[in-house]
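J.: Here's my sequence, what's the structure:
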Amino acid sequence: MSSKLNEMPDKNCNEFLQEEAEVLKAIGHIVRLKLLLAIEMKKCIVKGLVDCVAEEQPIVSQQLAVLKRSKIIEGVRKGNTIYYKIIDPTVKQIVGILADKYNK
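T.: I've put the predicted structure just below:
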């Protein structure tokens, strides 16, 4: 453990770790990980995500909602189409590492 973590007051440390645990819990689901990889590897609309992750549309929508509530992704509307992007920098790094590992 770094000295920085040891120097944090318990309350701040616990709050920080609780927030990070929630993010890790949100991405710790196979469908959500597949969605994040698909989003990171190419800009996808919902229809494209359904095809990319080979899941039914209601499941994809449900899992996208979890990721949005957790402030991990956001949708950008262009006309009638919504494109998703990862907005959490830590998750973006994690997904980038997974994408690199997957592509090896």
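J.: Against which helices or strands is the longest helix seen in the chain packed?
T.: Ordering each helix of the chain by length in residues (DSSP state H) puts helix 10-27 first. Judged by 3 or more C-beta pairs under 8 Å, 6 or more residues apart in numbering; DSSP states H and E, the packing partners of helix 10-27 are helix 30-41, helix 57-69, helix 89-103. The C-beta positions use only the backbone N, C-alpha and C, and glycine is treated the same way.
J.: Could you rerun that using 10 Å?
T.: For helix 10-27, the packing partners by 3 or more C-beta pairs under 10 Å, 6 or more residues apart in numbering; DSSP states H and E come out as helix 3-7, helix 30-41, helix 57-69, helix 89-103.
J.: and the residue nearest to residue 91 when sequence neighbours are not counted, backbone torsions?
T.: Excluding the flanking residues, the one nearest residue 91 by C-beta to C-beta, 6 or more residues apart in numbering is residue 72, at 5.1 Å. Dihedral pair for residue 72: phi -100, psi -40, per degrees, to the nearest 10.
J.: And for residue 81?
T.: Torsion angles, degrees, to the nearest 10, at residue 81: phi -110, psi 140.
J.: Now for it, how many residues are close by?
T.: 12 (other C-beta atoms under 10 Å).
J.: Read off the pLDDT value for residue 2.
T.: You'll see residue 2 listed with a pLDDT of 51.
J.: for the closest residue to residue 94 other than its chain neighbours, what are its contacts?
T.: Nearest residue to residue 94, sequence neighbours excluded (C-beta to C-beta, 6+ apart): residue 27, at 7.0 Å. Going by C-beta atoms under 10 Å, 6 or more residues apart in numbering, residue 27 touches 33, 35-36, 66-67, 70, 72, 86, 88, 90-91, 94-95, 98.
J.: Among those residues, the buried ones, what's the ChimeraX command?
T.: Per 16 or more other C-beta atoms under 10 Å, the buried members of the contacts of residue 27 correspond to this ChimeraX selection:
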select :33,35,36,66,67,70,72,86,88,91,94,95
